[in-house]
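Novice: Sequence and predicted structure, then a few things I'm wondering about:
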Number of protein chains: 2
Amino acid sequence: MVNPEAETPRARYRAQVRTEIKERAWEQIATAGASALSLNAIAKQMGMSGPALYRYFGGRDELITELVRDAYRSLADTFHAASQDGADVTALAYALRDWALRDPQRYFLIYGTPVPGYRAPDDTTAISSEIMATLLDACAALPPGGPATQFDAHLEDHRDWADGHPAPPAALHRALTFWTRLHGVLSLELAGHFTGMGIDPAQLFAAELDDLTGAPAH
Amino acid sequence: MVNPEAETPRARYRAQVRTEIKERAWEQIATAGASALSLNAIAKQMGMSGPALYRYFGGRDELITELVRDAYRSLADTFHAASQDGADVTALAYALRDWALRDPQRYFLIYGTPVPGYRAPDDTTAISSEIMATLLDACAALPPGGPATQFDAHLEDHRDWADGHPAPPAALHRALTFWTRLHGVLSLELAGHFTGMGIDPAQLFAAELDDLTGAPAH
DNA sequence: CCTGTTCGTTAGAAGTTATAACTGCACTGG
DNA sequence: CCAGTGCAGTTATAACTTCTAACGAACAGG
């Protein structure tokens, strides 16, 4: 190989096949869930038979890991795009909601039921802290809320996860509750727990967001 | 059969084997997750081979459905027990947390990633509303909070899920946020999303609960 | 042109769920 | 008490799954 950096036709083909495999995988996941993902079915859909996929991915787990990575990356990009013009918590919240609703199974791939044995690769935690950083920016820009809580004091001593972000403990707390509360509404909505109840998940989401930002009516 | 009500030895044996199958299934789920549940492995563990289990359960799906039902039942019972002496939101919250921590996979079986094709049987929604009823009792006993929100107005028109409970819209709102917020913290904790961050999930849970009950410091 | 890497194939092992057919035992009913 | 029925559990089989191994073919670079 003359130049390791230049993409040879082989490498380009390989990359293309890899992305096509992942596309098919996403389709399957969206329709049948991650647990029903079948390498065989993907291969058959692509016109090649079974074990050929093992040239591109070490196995089912490695493929799913790659998809998890892509999902994290996609969410991080969405957050970056949403905070392009000003770090706004509301914009971030609706970006998250749109992203989740666009492909619920992708959301659950990240924030859903964990597989007991599985450990996420290290770089996903890096992307995760990237996401948290933009969220912290937005939370730091928010007007100060009520008095400091006991948990704020705890955060003062445990702010390593903020990765050196200069936000005050109250902002850290806000980012955490942003995450947990919106995830609470979103995950229950995506799982269909509100469907039989007649309430509008969007309005509940909005209400939680209002409470989070210290909105007019509350 | 002389008396259809009396349990014949046959029926008793059958019930015993059914419960043993479910016990083994719970062990497997706790250690490897619901997606890795294997009828074959259960059968082998019980000293009988494969297809014998189909005498007791129609298949993997039917077994899991039964486990979901049991999980709902278990949660409803713990809620009832927790509200035995007075309907206290805090007691309910910690009962929920203890129940979830005791067997995370059981929690995820109810509130985790949904299987796209699967539809929960109707009686689970009945148990679910039973759970919601005790939660509503506790929320109605709470002192009134801030002014009515826009979402409260929405709840005024969509209170069918409360199943005739006389609680005011604000209490309904409180019950909903109790559910979504505590689920938000709990599910992320159980999924291990806080492990690398250094914060104490229990304190975050307590902080959210304090905010929910209008606690002293906030 | 020739050589070596890589891609895709088929074959096969070890699993899984699930159905069908068969064997006995145990209980039920007279 | 005894005959007969029904059910438990067995094996065999089909159709899946992931994944390894060995082989053939095609392509890239010297």
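Specialist: Sure thing, it's come through. Residues are numbered from 1 along each chain as shown, chains lettered A, B, ... in the order given.

Novice: burial measure for residue A:162, as a count.
Specialist: 20 (other Cβ atoms under 10 Å in any protein chain shown). Where C-beta positions appear, they are placed from N, C-alpha and C, glycine not excepted.

Novice: now swap in residue A:17 and tell me
Specialist: 16.

Novice: Next: the one 4 residues further on.
Specialist: Other residues near residue A:21 come to 21 when the count uses other Cβ under 10 Å.

Novice: doesn't residue A:60 make contact with it?
Specialist: No - the pair residue A:21 / residue A:60 is not scored as a contact, 11.7 Å apart, by Cβ atoms under 8 Å.

Novice: got the residue ranges for the helices in chain A?
Specialist: Ranges of helices within chain A are A:9-32, A:39-45, A:60-82, A:89-102, A:104-111, A:122-140, A:150-157, A:169-190, A:201-213, based on DSSP state H.

Novice: taking those together, which one is wrapped up most tightly?
Specialist: helix A:169-190 (a mean of 23; mean count of other Cβ atoms under 10 Å in any protein chain shown).

Novice: mind giving me the domain ranges of chain A?
Specialist: A:1-58, A:66-213 (automatic domain parsing).

Novice: if I read this right, residue A:79 contacts residue A:134, doesn't it?
Specialist: Yes - here residue A:79 reaches residue A:134: they are 4.8 Å apart, a contact under Cβ under 8 Å.

Novice: So for those two, which residues contact both of them?
Specialist: Contact criterion Cβ atoms under 8 Å, 6 or more residues apart in numbering or on different chains; residues shared by residue A:79 and residue A:134: residue A:92.

Novice: Of the domains of chain A, which shows the lowest average pLDDT?
Specialist: Of all those, domain A:1-58 carries the lowest average pLDDT, namely a mean of 90.

Novice: And the closest residue to chain B within chain A, how far from residue B:15?
Specialist: Of all residues in chain A, residue A:184 sits closest to chain B, at 2.7 Å by Cβ to the nearest Cβ. Taking Cβ to Cβ, to the nearest Å as the measure, residue A:184 falls 38 Å from residue B:15.

Novice: Would you mind listing what in chain A touches DNA strand D?
Specialist: Where chain A comes near DNA strand D, counting by Cβ under 7 Å from any atom of the strand, the residues are A:1-2, A:8-10, A:37-41, A:50-51, A:54, A:58-61.

Novice: switch to 10 Å and redo it
Specialist: Within chain A, the positions near DNA strand D by Cβ under 10 Å from any atom of the strand are A:1-3, A:6, A:8-13, A:25, A:28, A:36-44, A:49-55, A:57-64.

Novice: wait, what's in contact with residue A:38?
Specialist: Contacts of residue A:38 by Cβ under 8 Å, 6+ apart are residue A:28.

Novice: quick one, phi/psi of it?
Specialist: phi -120, psi 120 (degrees, to the nearest 10).

Novice: how much space between it and residue B:121?
Specialist: Separation of residue A:38 from residue B:121 (Cβ to Cβ) stands at 27 Å.

Novice: try residue A:29
Specialist: The separation that residue A:29 has from residue B:121, given Cβ to Cβ, amounts to 25 Å.

Novice: surely residue A:136 meets residue A:164?
Specialist: No - applying Cβ under 8 Å, one finds residue A:136 not in contact with residue A:164, separated by 10.4 Å.

Novice: doesn't residue A:72 make contact with residue A:128?
Specialist: Yes - using Cβ under 8 Å, residue A:128 and residue A:72 qualify as a contacting pair, with a distance of 6.5 Å.

Novice: Could you name every residue contacting both of those two?
Specialist: Common neighbours of residue A:128 and residue A:72 (Cβ under 8 Å, 6+ apart) do not exist.

Novice: count of residues packed around the closest residue to residue A:141 other than its chain neighbours?
Specialist: Excluding its sequence neighbours, the residue lying closest to residue A:141 (Cβ to Cβ, 6 or more residues apart in numbering or on different chains) is residue A:87, at 5.1 Å. Neighbour count for residue A:87, taken as other Cβ under 10 Å: 18.

Novice: right, and residue A:87 touches residue A:134 too?
Specialist: Yes - in this structure residue A:87 lies within contact range of residue A:134 using Cβ under 8 Å: 7.0 Å.

Novice: ok, now which ones touch the spatially closest residue to residue A:206 that is not a sequence neighbour?
Specialist: Leaving aside its sequence neighbours, residue A:206 sits nearest to residue B:151 (Cβ to Cβ, 6+ apart; 7.3 Å). Listed by Cβ under 8 Å, 6+ apart, the contact set of residue B:151 reads A:203, A:204, A:206, A:207, B:173.

Novice: Equivalent analysis for residue A:64, please.
Specialist: Residue A:64 touches A:34, A:37, A:109, counting by Cβ under 8 Å, 6+ apart.

Novice: export those residues to CSV and tack on distance to DNA strand C?
Specialist: Putting these into CSV (distance: Cβ to the nearest atom of the strand, whole Å) gives the following:
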residue, distance to DNA strand C
A:34, 17
A:37, 15
A:109, 23
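
Novice: Contact residues of chain A facing DNA strand C?
Specialist: So chain A meets DNA strand C at A:1, A:8, A:10-11, A:13-18, A:21, A:40, A:43-44, A:46-56 (Cβ under 10 Å from any atom of the strand).

Novice: so which of those residues are also by chain B?
Specialist: For chain B, no contacts are drawn from the residues of chain A next to DNA strand C by Cβ under 8 Å from any Cβ of the partner chain.
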